[in-house]
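> Show me how the following folds:
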Amino acid sequence: MTSLIFAPADAATRPLHLVSKDVLEDWREGLDARARAFVEASGFAATAGEVALLPDETGAVVAAAGGLGDATTRARKRFVVAELRGKLPEGSWAFRSELTGADLNEAALGWLLAGYVFGRYATVSALKAMLVAPEGVDAERLERIAAGEALTRDLINTPANDMGPDELEVAARVLAEAYGAELSVTTDAALKANFPMIHAVGRASPRAPRLIEMTWGSTGPHLTLVGKGVCFDTGGLNLKPGASMGLMKKDMGGAANVLGLAHMLMAGDTPIRLRVLIPAVENSVAGNAFRPGDILISRKGLTVEINNTDAEGRLVLADALALADESPTDLIISMATLTGAARVAVGPDLAPFYASFGDDAAALAAAADAVRDPVWRMPFWDPYEAMIEPGIADLDNAPKGGFAGSLTAALFLRRFVTETSRYMHFDVFGWNPSAEPGRPKGGVGQGIRALYEALPGMLKP
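Below you'll find the model as predicted:
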């Protein structure tokens, strides 16, 4: 069972000394003679992730020391404290350290995130070491952040046979019911008439495409989140190679991200009016699949030439963005596992984003640094607009040449946001290729903790 909450303090709570290399000698000198001798004999060097269990005279563990490494290590490695949790015996622990502010919050959140396990299909043991909420952190805030992140991870990690458009709708409905949000779903003839590109992308699958809409809140600024919900992507008639299909259960990572962020916002009773739009489809192969060379008419009226059916995410997002743009809103944010080009540019760990306003970008970047949720601003580069204009239609969904793939996709999406001045787009990966502290291999939220930190300031009434 995932353990993402803090423990109550009790008489059995033991101290966990967080020790960096630069204070190791001073910390060691502050111990009593017996403990100091034990630490010296154990060779504890405060290496990142290193643990020394400190016994009393009977041999019972009464305290522990956890290494934080040096400044270089901590700059390169997030959530160092998360690595300690799995090395400690069962029971409740309390930090003893000089960490404050963002460093203390990172340590406490990392501990919580280390408690995440995905145990739907196999028995996985949860970590039994628990943490008493450190003085100086907002425990409830960190718990709801961890819960939102866990929701995102669970949705991405669930394979497509159990996470299709139906199941994604159920996940949104459960979240809506938990916080009193309203949920509506557009399918079938209404979808075809009103969201033709969402319908076109999903019509070849026996699992019906749909647009999921959730609204919450009655006062405050308007925020609209749009998440790509391609529950599996074969590539369509431009069929992906088998090796490229292996991770396509994560192609709904944008939807998973916005639902995780929505959880954080609603659980924290954020004073906003929230709207979440998720085009949920499966891009499959059948006789009625949309084809290369087809020209689709979008909800906005723009025509789109299909030069690659594997560039489908921008199509479903475009119709949802058009809807978002039709009602007054202060900020639209789209999130999607959209392009391989973004991974080539910045790798799996950074979340590239595009912003129409520099102030929004600066606020997000500052928040990302504070909460160790790395993002990187990319440009809406106007000179590349011509690359998405094929001549035979208003837009090209897959410009030839292979250059600037993430930028041209972002420019494509921006064409559908014409009435709302503030627009941000995230081209995320949504997956950890290998396990890191607090972030096991598998699905992961990207950019949502940074957004949760930044949005109150960005959306001041």
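
> hey, let's count contacts and neighbours off CA atoms from now on
Noted.

> What segments of the stretch 1-150 of the chain are strands?
Secondary structure of the stretch 1-150 of the chain (DSSP state E, counting those that start in this stretch): strands located at 14-20, 51-55, 61-69, 91-96, 129-131.

> Over the shortest one, what's the mean pLDDT, rounded is fine.
Average pLDDT, strand 129-131: 96.

> Show me what that strand is packed against.
On a contact count with 3 or more CA pairs under 8 Å, 6 or more residues apart in numbering; DSSP states H and E, strand 129-131 meets strand 91-96.

> Tell me how far the strand it packs on lies from the chain's centre.
28 Å (CA atoms, centre = their mean, to the nearest Å).

> The chain should start at 74 in everything you say after this.
Yep, numbering from 74; the last one is strand 164-169 now.

> Going by neighbour count, which residues in that strand are buried?
165, 166, 167, 168, 169 (16 or more other CA atoms under 10 Å).

> in the sheet, who's paired with the fourth one?
Taking DSSP bridges, one finds residue 89 as the beta-bridge partners of residue 168.

> picking that back up, need the strands of the stretch 74-223 of the chain in CSV with distance to residue 375, can you?
Formatted as CSV, the strands of the stretch 74-223 of the chain follow (distance: least, CA to CA, whole Å):
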stretch, distance to residue 375
strand 87-93, 57
strand 124-128, 60
strand 134-142, 54
strand 164-169, 57
strand 202-204, 54
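
> Please identify which of these is closest to residue 406.
Among these, the nearest to residue 406 by CA to CA is strand 202-204 (34.5 Å).

> Quickly run through the sheet partners of the closest one, with directions.
By DSSP bridges, strand 202-204 pairs with strand 164-169 (parallel).

> who touches the strand it pairs with?
Strand 164-169 has contacts (CA atoms under 8 Å, 6 or more residues apart in numbering) with 80, 82, 85-91, 201-207.

> do that again at 7 Å, thanks
Under the criterion CA atoms under 7 Å, 6 or more residues apart in numbering, residues 80, 86-91, 201-205, 207 lie in contact with strand 164-169.

> same deal with stretch 406-424?
297-301, 324, 326-327, 386, 447-449, 478-479, 496-503, 519-520.

> So which of those sit within strands?
297, 298, 299, 300, 448, 449, 496, 497, 498, 499, 500 (DSSP state E).

> now, among the contacts of strand 164-169, which is nearest to residue 112?
Out of the contacts of strand 164-169, the member with the shortest distance to residue 112 (by CA to CA) is residue 90, at 12.1 Å.

> low-scoring stretches of the chain, by residue?
Under the criterion pLDDT under 70, the flagged ranges of the chain are 74-75, 534.

> same for the lengthiest strand in it, what does it pack against?
Ordering each strand of the chain by length in residues (DSSP E) puts strand 346-356 first. Strand 346-356 is packed against helix 269-275, strand 283-289, strand 295-300, strand 302-306, helix 386-399, with contacts defined by 3 or more CA pairs under 7 Å, 6 or more residues apart in numbering; DSSP states H and E.

> and the ones you listed as a markdown table, adding distance to residue 263 and mean neighbour count?
Shown next, in a markdown table, are the helices and strands packed on strand 346-356 (distance: least, CA to CA, whole Å; neighbours: other CA atoms under 10 Å):
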| stretch | distance to residue 263 | mean neighbour count |
| --- | --- | --- |
| helix 269-275 | 9 | 26 |
| strand 283-289 | 10 | 22 |
| strand 295-300 | 20 | 25 |
| strand 302-306 | 19 | 30 |
| helix 386-399 | 13 | 25 |
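
> Can you lay out these as TSV showing distance to residue 187?
Shown next, in TSV, are the helices and strands packed on strand 346-356 (distance: least, CA to CA, whole Å):
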stretch	distance to residue 187
helix 269-275	36
strand 283-289	30
strand 295-300	26
strand 302-306	27
helix 386-399	32
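
> How far away from the center of its chain is stretch 346-357?
16 Å.

> same thing with stretch 133-150?
The answer for stretch 133-150 is 26 Å, by CA atoms, centre = their mean.

> what do you get for stretch 409-422?
14 Å.

> Give me the buried positions along that stretch.
Buried residues in stretch 409-422 (16+ other CA under 10 Å): 409, 410, 411, 412, 414, 415, 416, 421, 422.

> Return the member of those nearest to residue 144.
Distances from residue 144 to the buried residues of stretch 409-422, taken by CA to CA, are shortest for residue 422, at 20.2 Å.
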